[in-house]
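# what follows is a predicted structure for the sequence shown.
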Amino acid sequence: MRITLNNDAPTAVSADLIAIGLGTKKPPRGSAAAALLSASGGAAFLKAEGFDGKPGQAVKVPGGGEVKAKGVLFVGLGDATGIDAVRLVSHTALKLAGSRKSVAVYVGAAEPEELRAAAQEAVLGAYRYLDYKTRGVRTGPGRTVLVIEGKKAGHLKAAVEAGLIVGECAAIARDLVNAPPNDLNPITLAERAQAEAKALDLPVKVLGKRQLEKLGMNLFLAVNRGSAIEPRFIHVTYAPKNAEKKVAFVGKGLTFDAGGLCLKPAKSMVDMKCDMAGSAVTLAVVLAAARLQLPVEVHAIIGSTENMTGGAAYRPGDVFTSLDGKTVEVINTDAEGRMVLADCLAWTRDQIQPDILIDHATLTGAAMVALGPHRTALYTADDELASQYLAASEAADERYWRMPLDDDLRPMLDSFVADLKHVGGPHGGSITAALFLREFVGDCTWIHCDIAGPSFNDGPHRRLPKGGTGHGVATAVRFLESL
């Protein structure tokens with residue numbers, strides 16, 4: 001998408017559609033909204049449609065006459081103001097743009113943060129997953145104009161570009177999550193990572209099954225045993241010369257999770273292509289960091305496999321030796337993500353030695369039981385780091401909640417036959433999963449993000465679509481910028 005800035009009066013902007021927000025109160029005389037209402041004769045249309053400015057309402061009015069745009073879209077804001085209003089108008093405009101070639105979004109006397117948000121939401125509002133549609137495919141607008149008041153555009157272009165980049169990288173994550181599992185498997189995920197890295201001239205390393213065997217990633221390999229498709233370990237690096245910090249992101253890449261021998265019910269299995277959302281976020285973040293040229297060294301590490309039911313599948317009661325030497329007793333083969341992550345975290349701890357280690361994983365249904373389907377469970381022992389990451393999530397308008405790492409639950413992971421069980425008791429499942437992962441991060445400063453809920457939607461929610469959401473990309477980028 002191409003995004004430009006324009007500081008003409010809204011009535012003078014040339015576009016197929018211009019969008020502006022209206023709250024529940026009548027716009028003040030002399031405002032841009034009042035001018036567009038008057039020039040378009042929009043008041044009669046709004047009255048006929050029962051428009052009263054509530055969020056979710058949107059009415060299209062013909063342009064022409066004193067309005068240079070072909071149409072005007074009035075978007076209900078409710079009580080939203082500032083950046084929240086900008087996000088809503090921009091997202092709604094591009095979502096409803098259809099096949100129009102150009103869309104203008106009135107942002108007003110915007111600050112850089114608001115323009116960044118408008119650009120990001122323009123990209124995500126226009127997002128459609130159409131790779132497998134053969135009929136009725138319509139591409140969105142090729143050009144978006146952000147209309148601002150009384151400012152020259154020069155110093156604001158960087159903010160627009162940042163929003164565009166974050167939006168496009170989040171869209172990459174959405175595409176990966178939405179892809180069907182017969183086409184996106186560990187091998188093709190690695191190929192996609194290689195292609196995206198090559199486009200930005202980023203080094204990428206991919207390891208196959210034999211190399212993982214030589215390394216001793218036996219927990220990772222155990223999960224793969226039931227699948228006919230080999231696993232892949234993927235490592236993408238962005239290392240600018242002016243880097244002040246080194247941050248490693250580790251992503252769970254289960255391209256399909258049948259639950260292994262502890263088979264999932266059919267209804268729970270339908271959307272299990274989304275179990276690689278952590279890897280999608282991880283790849284998207286390193287791509288965004290490179291495109292934004294952030295002064296932070298960023299590593300993306302992905303462990304990718306399927307969890308299937310083949311004749312060699314791992315079983316409850318099996319014991320495997322992890323990369324760092326701890327023995328682990330398998331309790332439930334549907335708790336496979338922590339097995340893969342354990343070896344990947346240990347490898348990252350030793351080989352990358354990052355200043356900060358962050359993992360993203362669709363790890364537990366227990367996180368959704370605790371927090372609902374639209375919020376990430378965040379775990380870390382570092383109070384300052386938790387505050388910094390939560391502040392980043394607020395700036396990104398993504399929902400997180402810090403959860404406790406209760407040490408008194410750690411005995412639930414004690415095994416009679418091995419060093420650890422990989423599953424605790426019936427309660428506190430998200431917490432005990434995090435405690436299991438903690439066993440493999442050593443002294444690293446570490447954050448665990450359980451994104452089981454917000455990474456994939458059963459239906460639209462707020463500005464997020466059905467399917468893959470790209471949740472976590474914007475927050476991680478904001479966090480890197482804060483460093």
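Right, received. Where do you want to start?
# the helix or strand of the chain with the lowest mean pLDDT: what's the following helix or strand?
The helix or strand of the chain with the poorest confidence is strand 143-148; it has a mean of 84 (mean pLDDT, DSSP states H and E). Note on strand 143-148: by DSSP states H and E, the next helix or strand toward the C-terminus is helix 157-178.
# the least confident helix or strand of the chain packs against which elements?
strand 2-6, strand 102-108, helix 112-125 (3 or more CB pairs under 8 Å, 6 or more residues apart in numbering; DSSP states H and E). Every C-beta, even on glycine, is put in place using the N, C-alpha and C of the backbone.
# dump these to TSV, plus distance to Pro240 and mean neighbour count.
Below are the helices and strands packed on strand 143-148 laid out as TSV (distance: least, CB to CB, whole Å; neighbours: other CB atoms under 10 Å):
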stretch	distance to Pro240	mean neighbour count
strand 2-6	25	16
strand 102-108	31	26
helix 112-125	21	25
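# could you dump the ones you listed to a markdown table with mean pLDDT and distance to Ser455?
Output for these, formatted as a markdown table (pLDDT from 0 to 100; distance: least, CB to CB, whole Å):
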| stretch | mean pLDDT | distance to Ser455 |
| --- | --- | --- |
| strand 2-6 | 90 | 26 |
| strand 102-108 | 93 | 27 |
| helix 112-125 | 95 | 15 |
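# out of the ones you listed, which gets nearest to Val89?
Closest approach to Val89 among these (CB to CB): strand 102-108, 5.9 Å.
# list the pairing partners of the closest one within its sheet, with orientation.
Partners of strand 102-108 in the sheet, by DSSP bridges, are strand 17-23 (parallel), strand 143-148 (parallel).
# what residues does whichever helix or strand comes after the first one touch?
Under the assignment DSSP H and E, the closest C-terminal helix or strand after strand 17-23 is helix 32-40. Around helix 32-40, the neighbours that count as contacts under CB atoms under 8 Å, 6 or more residues apart in numbering are 9-11, 18, 20-22, 27-28, 42-43, 46, 61-63, 65-67, 72, 74, 106, 108, 149.
# try 7 Å this time
Residues outside helix 32-40 that contact it (CB atoms under 7 Å, 6 or more residues apart in numbering) are 10-11, 20, 22, 27-28, 42-43, 61, 63, 65-67, 72, 106, 108.
# quick one, that helix and strand 102-108 angle?
For helix 32-40 against strand 102-108, the angle by axes from the mean of the first three to the mean of the last three CA atoms, to 10 degrees is 130 degrees.
# next, the buried residues of helix 32-40.
32-33, 35-37, 39-40 (16 or more other CB atoms under 10 Å).
# next one: stretch 193-206
Neighbour count says stretch 193-206 has 193-194, 196-197, 202, 204, 206 buried, by 16+ other CB under 10 Å.
# what about the stretch 51-200 of the chain, any weak spots by pLDDT?
When residues are selected by pLDDT under 70, those of the stretch 51-200 of the chain lie in 136-140, 150-154.
# please redo it, this time with the cut-off set to 90
Within the stretch 51-200 of the chain, the stretches with pLDDT under 90 are 56, 64-65, 98-101, 108-111, 133-156.
# show me what contacts Ile148?
With CB under 7 Å, 6+ apart, Ile148 has these contacts: 5, 7, 107-108, 110.
# ugh, typo on my part, it should be Val206
190, 194, 232, 234.
# reformat these as TSV; add distance to Ser455.
Listed next are the contacts of Val206 as TSV, based on distance: CB to CB, whole Å:
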residue	distance to Ser455
Ala190	20
Gln194	23
Arg232	20
Ile234	18
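# please name the nearest non-neighbouring residue to Ala289.
Val298 (4.4 Å; CB to CB, 6 or more residues apart in numbering).
# in terms of secondary structure, what does the helix or strand harbouring Leu73 contact?
If you go by DSSP H and E, Leu73 is part of strand 67-78. Here strand 67-78 touches strand 17-23, helix 32-40, helix 42-48, strand 58-64, helix 82-95, going by 3 or more CB pairs under 7 Å, 6 or more residues apart in numbering; DSSP states H and E.
# tilt between it and strand 17-23?
For strand 67-78 against strand 17-23, the angle by the same axes, to 10 degrees is 30 degrees.
# farthest pair within the buried residues of helix 32-40?
Ala32 and Ser40, at 12.1 Å, using CB to CB across the buried residues of helix 32-40.
# so what's Ser304 closest to, chain neighbours aside?
Gly253 (3.2 Å).
# for Ser415, see how far away the one you found is.
According to CB to CB, to the nearest Å, Gly253 stands 26 Å off from Ser415.
# show me which of the two is the more surrounded one.
When Gly253 and Ser415 are compared for neighbours, Gly253 comes out ahead with 35 against 15, by other CB atoms under 10 Å.
# one step back: nearest to Glu213, out of the helices and strands packed on strand 67-78?
Comparing the helices and strands packed on strand 67-78 under CB to CB, the one sitting nearest is helix 82-95, at 46.9 Å.
# which residues are in contact with that closest one?
Helix 82-95 has contacts (CB under 7 Å, 6+ apart) with 17, 19-21, 55, 58, 73, 75, 77, 80, 103, 105, 107, 110, 113-114, 117-118, 121-122, 124-126, 140-141, 144, 397, 463.
# got the angle between it and strand 58-64?
Using the same axes, to 10 degrees: helix 82-95 against strand 58-64 is 70 degrees.
# and helix 82-95, C-alpha only, in CSV?
Taking C-alpha atoms only, helix 82-95 is exported to CSV below (Å, rounded to 0.1, in the frame of the first residue of the first chain):
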residue,chain,number,x,y,z
GLY,A,82,-7.2,11.4,19.9
ILE,A,83,-5.3,8.3,18.8
ASP,A,84,-8.3,6.0,19.5
ALA,A,85,-10.5,8.0,17.2
VAL,A,86,-7.7,8.0,14.5
ARG,A,87,-7.3,4.2,14.7
LEU,A,88,-11.1,3.7,14.4
VAL,A,89,-11.6,6.0,11.4
SER,A,90,-8.5,4.7,9.5
HIS,A,91,-9.3,1.0,10.0
THR,A,92,-13.0,1.4,9.2
ALA,A,93,-12.3,3.4,6.1
LEU,A,94,-10.0,0.9,4.6
LYS,A,95,-12.1,-2.1,5.7
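# which parts of the least confident helix or strand of the chain are buried?
Those buried within strand 143-148 under the rule 16+ other CB under 10 Å are 144-148.
# over to Lys241. Which of the three states is it?
Look at Lys241: counting by DSSP: H, G, I helix; E, B strand; the rest coil, its state is coil.
# from Gln293, how far off is it?
11 Å.
# the more surrounded of these two?
Gln293 (9 against 6).
# re the thing from before, got the buried residues of helix 32-40 as CSV, with pLDDT columns?
CSV is the format used below for these (pLDDT from 0 to 100):
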residue, pLDDT
Ala32, 93
Ala33, 92
Ala35, 93
Leu36, 94
Leu37, 93
Ala39, 94
Ser40, 92
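# re earlier: what's across from the residue nearest to Ala289 in the sheet?
Tyr238, Val247.
# quick check: end-to-end length of stretch 226-233?
17 Å (CA to CA, to the nearest Å).
# go on, stretch 288-297?
12 Å.
# and that stretch, what's buried?
Buried, per 16+ other CB under 10 Å, within stretch 288-297: 288-292, 294, 296-297.
# do the same with stretch 321-336
For stretch 321-336, using 16+ other CB under 10 Å, the buried residues are 322-324, 326, 328-331, 333-336.
# of those, closest to Thr309?
Thr333 (8.8 Å).
# for the nearest residue to the closest one once chain neighbours are set aside, what are its contacts?
Excluding its sequence neighbours, the residue lying closest to Thr333 (CB to CB, 6+ apart) is Gly260, at 3.0 Å. Under the criterion of CB under 7 Å, 6+ apart, the neighbours of Gly260 are 226, 307, 309, 313-314, 333-334, 336.
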